[in-house]
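Undergrad: Quick one: sequence plus predicted model below, questions after.
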Amino acid sequence: MTIDKNFDPAAIEKKWYAHWENTGAFRPERPAAEPFTIVNPPPNVTGSLHIGHALDNTLQDILIRHARLLGKDALWVVGTDHAGIATQMVVERQLNAQQQKRTDFTREEFIAKVWEWKQTSGGEITGQLRRLGCSMDWENERFTMDEGFSKAVIKVFVDLYNQGLLYRDKRLVNWDPHFKSAISDLEVETREVQGHMWHFKYPLAGGETYTYIERDADGTIIFEEMRDYISIATTRPETMLGDGAVAVHPGDERYKPIVGKLCEIPVGPKEYRRLIPIITDEYPDPDFGSGAVKITGAHDANDYGVAQRNNIPMYRLMDEIAAMRSDGAPYAEAAAHAKAIASGAPWTAADIDALNLVPDAYRGLDRYEARKRVVADIGADGLMIKVEDKTIQQPFGDRSGVVIESMLTDQWYVDAKTLAGPAIEAARKGAAGGGFDIVPKSWEKTYYNWMENIQPWCVSRQLWWGHRIPAWFDADGEIYVAEDAAGAQALAGEGTALTQDEDVLDTWFSSALWPFGTLGWPEDAVAPLPFRGGDGGGASQDSATGAETPHPNPSPKEEGLKVQSLLNRHYPGDVLISGFDILFFWDARMAMQGLHFMKDVPWKTLYLHGLVRAADGSKMSKSKGNSVDPIGLIDEYGADALRFFMAAMESQGRDIKMDEGRVAGYRNFATKLWNAARFAQSNGIGGSHSVSAPKAELAVNRWIIGEVVETVEKLNKAFAEFRFDGMADAIYHFVWDQFCDWYLELIKPAFVDGEKQAMDAESKVVAGWVLDQILVMLHPFMPFITEELWHSMADSGQPRKYDIIHAEWPQPEASANPIVAAVNNQAVDAQVYMHWLIKTIIAVRSARNEMGISPGLPLSAFLEDVTSDLWGMLPEVHSVFQKVGRINIQRVGNVPTDGVLRIAALGATLVVSLEGVIDIDAERARITKAMEAAVKERDALAGRLSNAAFVERAKSEAVEKARADMAEKAAEAERLSAALARVTGK
């Protein structure tokens, strides 16, 4: 098949992806082979492909395609997450556009509308993953709300409850007033906003006074006054109504006289104002503000911890929409009860939760309106000290866009601390000890720190869309947990009226089961793996080429071979590729659930990559206008170019800066390979018929075979170490530098008297074999162009027997590999020669350019100091230098010593005569002048940078520019010095 003149990524991408999918190329159908498994982090069903998805899935696809080339039974589990809040929000917006709202429908009717939306609009991202080239097992595509997976979710909930590892409790959560639901930390976006800090007086009970003293670092008194109050600062005055105490640091001498005393909350009807204790706790910072902190345990995460440690009541002030509570007894009655509690009366959590301590005048107000009223009323009483403008960190719901409230509510929790123990131990053991490795290792400390200090995991959400919690309540509030209503009724007894919990489970709860819930758990017995072609080794019709394309290594069901379920065969997985930002929300929880329910780790390696950032290093966001659409990049440059960019830029432990110019550069790389294949085809070079290296006599062919071996070894090492940038670097430089720029140039047929000569037969065979190895090695990174060229380079009339997706990965081990054996231990000699040759010609070309000598002008040259290794190859040296370097080697020995260009390299020194070519003296003078100027500028810049005043006072940009300029001038001076040495003949 003749290769088109122009490389058009769009045409080949559509053709080959459809072919792969239609022929089952992504299916795990090698039952006799070693399994290899990756589970894809399930994207939200509402989502579209963003640049982070492109990175994450590219890295996974590189590993899964590489595993197939190694002959493994590769399974890439794919599916989508039901995305509780996001999906419910999308459907509610659709209803709002139709002048309807969710509450116009029953729960069942609304859920039916969500399913309807999913069937019509919920698959956008799966199509985009196909555009990227992801070779996922689409025939086993899963959804976290599908019947089988839902069964797994419910079973896990029930089992954890019965094991005492899941319970209902009242704790502080992130509360989204828009959705009227608890949300996870990952769904909270902290932003800097302009706010205020109010400073108020909390009067001491009974008019008590004390001497307030401030001292400097030496203990000298710098301020002293008599006070009848303690000063408190807050950014949220409306929460003062729920204060349970004022805390000071135990070492803060200023407040020791009043620790244990009571102070008055300065808001509300004066006759009912509450008294709260002044306590000590390590949390307050004596150097921040007044050093005294009001403790509102029901509405602040830090205060919640203080309240728990000191048994301080936590009074809830707001309702589900973050308005001030309007329920309960009148304020006078509630305040009296709270006063009794502050004076030592016994209380329970239920008592505290029932108390509404919002004064009657504020009840039902929006939280911000209540804030205005509270500030105004305190000011009117003369108890405001001051108010100052302040930049504050405020939490917003990432989807609702409203300010999140810390709220004390009843939720379901998992005992994460107990589950975390085995997951911590598994990471410490590492894969070699039966656990898992974290790559890069720099994330281990973060993982251990979070896991060892893990808090109970809130798994309930106040939504309609999701897995409804399998818990039922009777009239007395007793809880019955079962997998279905019938099971709950059996627990409660016949005739007991039950009501199911209205809440659903957190999306992350179901996602934590992804590595085993997608493979058939809990049944642990799914249908045997389907095999195409009857026995697993048959051919399928090639829709792209019209040929039959069997696997190169078909794995038929061998007699007596045990057919395993997907679960038994593919759990645990081999690798999880994940962004570091979901290490805690997803990765750690998968480790906990997998170890608890499967008694084994979910994967052997956890690879954590960085974020893709804007070109300036800032975080991408639509609001900033700096986000990048990966589909747009694919449309512009092709999927292969984007994939290669992602691999090349993925360096362990570092974020990636987006650079569209580099994506364009990798499109050029693909074009260069395309043109190299066209050149090969035009010279009668076709695909190889053997995985083994062909016999080679010519040094250039022995050299390129040796380069293949080195490249495969580099790739194998990089794959073993998960060095994606190293993989891309190895194959890129081999293809661009060794193969395209040098090998093809060296074997290119010469023209004699205007007639193109035929390429020698050996070079045709070797070039075809090398190009095959390139396509196979490059396939995991650039699957589309490699599949197209693989079939295009097939011999005329002899189509490939299989697609490149199922080809064999080169094996360079000397003990069993035909590559090394074929060169009969001459590869090293050939490489010494070729490295000398290439380095010498590069130096000649550089010197020509430096001295303004035309690239096509023939030059005469001599050789000296020739090594014995190179001596036997001199016949080839003469012809190569004439063809590629435009240099005619006259003789060996009797070398002139002046007026020459000397180029020394390992193996021999090339001495090029410049007599009659340039004015030697003028050239020396020109180079000397330029070198002296470069040295002068270099030294001047070095002097400026050695001046501490300049480095400290100048802008950082100016200092960095000076350093870059100095490095540039130093390199220029070194280059010119070398050039001068070459033309002096010394």
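TA: Looks like it arrived, so ask away.
Undergrad: State the phi and psi torsions of Val917.
TA: phi -100, psi -50 (degrees, to the nearest 10).
Undergrad: Would you map the strands across the stretch 801-950 of the chain?
TA: In the stretch 801-950 of the chain, strands defined by DSSP state E, counting those that start in this stretch lie at 859-864, 887-892, 900-905, 908-913, listed in chain order.
Undergrad: Please look at Leu491 and Glu483 and confirm they touch.
TA: No - the criterion here is Cβ atoms under 8 Å, and Leu491 misses it with Glu483 at 11.1 Å. Yep, even glycine has a C-beta here, placed from its N, CA and C like the rest.
Undergrad: check contacts around the residue nearest the centre of the chain.
TA: Closest to where the C-alpha atoms of the chain average out (Cα atoms, centre = their mean) is Gly579, at 3.0 Å. By Cβ atoms under 8 Å, 6 or more residues apart in numbering, the contact set of Gly579 is 52, 56, 608-611.
Undergrad: repeat that for 10 Å
TA: Residues in contact with Gly579 (Cβ atoms under 10 Å, 6 or more residues apart in numbering) are 41, 52-53, 55-56, 586-587, 608-612.
Undergrad: Looking at this structure, which helix is longest?
TA: Counting residues, the longest helix found in the chain (DSSP state H) is helix 956-984.
Undergrad: Mind checking which of the contacts of Gly579 land in helices?
TA: Those of the contacts of Gly579 lying in helices (DSSP H): 52-53, 55-56.
Undergrad: Take stretch 14-29, keep the C-alpha atoms, and write them as CSV.
TA: Written as CSV, here are the backbone C-alpha positions of stretch 14-29 (Å, rounded to 0.1, in the frame of the first residue of the first chain):
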residue,chain,number,x,y,z
LYS,A,14,-10.7,7.3,12.8
LYS,A,15,-9.9,4.3,10.6
TRP,A,16,-7.7,2.5,13.0
TYR,A,17,-9.6,3.0,16.2
ALA,A,18,-12.8,1.7,14.6
HIS,A,19,-10.8,-1.3,13.3
TRP,A,20,-9.2,-2.1,16.7
GLU,A,21,-12.5,-1.9,18.5
ASN,A,22,-14.5,-3.9,15.9
THR,A,23,-11.9,-6.7,15.9
GLY,A,24,-11.7,-6.9,19.7
ALA,A,25,-8.1,-5.8,19.8
PHE,A,26,-8.5,-4.5,23.3
ARG,A,27,-10.1,-7.6,24.8
PRO,A,28,-8.1,-9.8,27.3
GLU,A,29,-8.2,-13.0,25.2
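Undergrad: Off-centre distance for it?
TA: Relative to its chain's centre, stretch 14-29 lies at 26 Å (Cα atoms, centre = their mean, to the nearest Å).
Undergrad: And that stretch, what's buried?
TA: By 16 or more other Cβ atoms under 10 Å, the buried positions in stretch 14-29 come out as 15-17, 19-21, 23-29.
Undergrad: And stretch 642-652, by the same measure?
TA: In terms of neighbour count (16+ other Cβ under 10 Å), stretch 642-652 has its buried residues at 642-650, 652.
Undergrad: and what of stretch 628-646?
TA: 628, 630-631, 633-634, 637-646.
Undergrad: which ones among these are found in strands?
TA: Among these, the subset assigned to strands under DSSP state E is empty.
Undergrad: Tell me the one among those residues nearest to Ala420.
TA: Nearest to Ala420 among the buried residues of stretch 628-646: Met646, at 32.3 Å, using Cβ to Cβ.
Undergrad: I figured Ala54 was touching Gln128, is that so?
TA: Yes - with contacts counted by Cβ atoms under 10 Å, Ala54 reaches Gln128, the gap being 9.0 Å.
Undergrad: tell me, what's touching these two both at once?
TA: With Cβ under 10 Å, 6+ apart, Ala54 and Gln128 have common neighbours 134, 630-631, 634.
Undergrad: how about the residues you listed, which pair is most distant?
TA: Cys134 and Ile631 (13.3 Å).
Undergrad: looking only at pLDDT, what's the mean for stretch 3-20?
TA: Averaging pLDDT along stretch 3-20 yields 95.
Undergrad: Show me where the chain dips below the pLDDT cut-off.
TA: For the chain, the stretches with pLDDT under 70 are 524-564, 622-623, 750-756, 796-797, 812-829, 868-877, 890-894, 905-907, 984-986.
Undergrad: Identify the single longest strand in it, thanks.
TA: Assigned via DSSP E, the chain shows its longest strand as strand 188-203.
Undergrad: my guess is Val259 meets Ile278, correct?
TA: Yes - contact criterion Cβ under 10 Å: Val259 and Ile278 qualify, at 5.7 Å.
Undergrad: tell me the SS of Ile577?
TA: Under DSSP: H, G, I helix; E, B strand; the rest coil, the three-state class of Ile577 is strand.
Undergrad: So what's the residue count around it?
TA: Applying other Cβ atoms under 10 Å, we find 27 residues neighbouring Ile577.
Undergrad: Same check on Met1?
TA: Residues within reach of Met1, counting by other Cβ under 10 Å, total 13.
Undergrad: Could you pull up the residues touching it?
TA: Met1 neighbours (Cβ under 10 Å, 6+ apart): 545, 681, 788-789, 791-794, 796, 799.
Undergrad: buried set for stretch 369-386?
TA: Quick answer for stretch 369-386 (16+ other Cβ under 10 Å): 370-371, 373-375, 377-378, 383-384.
Undergrad: Provide the backbone phi and psi angles at Val403.
TA: Torsion angles, degrees, to the nearest 10, at Val403: phi -70, psi 130.
Undergrad: Enumerate every residue touching it.
TA: Contacts of Val403 by Cβ under 10 Å, 6+ apart are 176-178, 191, 193, 322, 367-368, 394-397.
Undergrad: Asp506 too?
TA: 84-85, 181-184, 187, 411-412, 414, 457-461, 463, 466-467, 512, 585, 589 are the contacts of Asp506 under Cβ under 10 Å, 6+ apart.
Undergrad: Kindly write the ChimeraX command that selects the buried subset of the residues you listed.
TA: In ChimeraX syntax, the buried subset of the contacts of Asp506 is picked out as below (16+ other Cβ under 10 Å):
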select :84,85,181,182,183,184,187,411,412,414,457,458,459,460,461,463,466,467,512,585,589
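Undergrad: which residues of the stretch 301-450 of the chain fall in strands?
TA: Under DSSP E, counting those that start in this stretch, the stretch 301-450 of the chain gives strands at 384-397, 405-414, 437-439.
Undergrad: so Tyr413 touches Leu505, yeah?
TA: No - using Cβ under 10 Å, Tyr413 is not in contact with Leu505; the gap is 11.9 Å.
Undergrad: shared neighbours, these two?
TA: Each of 459-460 lies in contact with both Tyr413 and Leu505 under the rule Cβ under 10 Å, 6+ apart.
Undergrad: And these two? Which one has more around it.
TA: More crowded of Tyr413 and Leu505, by other Cβ under 10 Å: Leu505, with 23 against 18.
Undergrad: more crowded one of Ala54 and Gln128?
TA: Higher neighbour count among Ala54 and Gln128: Ala54, with 27 against 21, using other Cβ under 10 Å.
Undergrad: show me what contacts that one?
TA: Per Cβ under 10 Å, 6+ apart, neighbours of Ala54: 128-129, 131-132, 134, 612, 628-631, 633-634, 639, 642-643, 645-646.
Undergrad: try Met89
TA: Counting by Cβ under 10 Å, 6+ apart, Met89 has contacts 46, 83, 178-179, 399-400, 463, 465.
Undergrad: now with 8 Å?
TA: 179, 399-400.
Undergrad: again, but for Tyr202
TA: 229-232, 246, 263-266, 294.
Undergrad: ok, 10 Å please
TA: 229-232, 240, 243, 246, 262-266, 275-276, 278, 292, 294, 383.
Undergrad: And Gly661, by the same measure?
TA: With Cβ under 10 Å, 6+ apart, Gly661 has these contacts: 615, 645.
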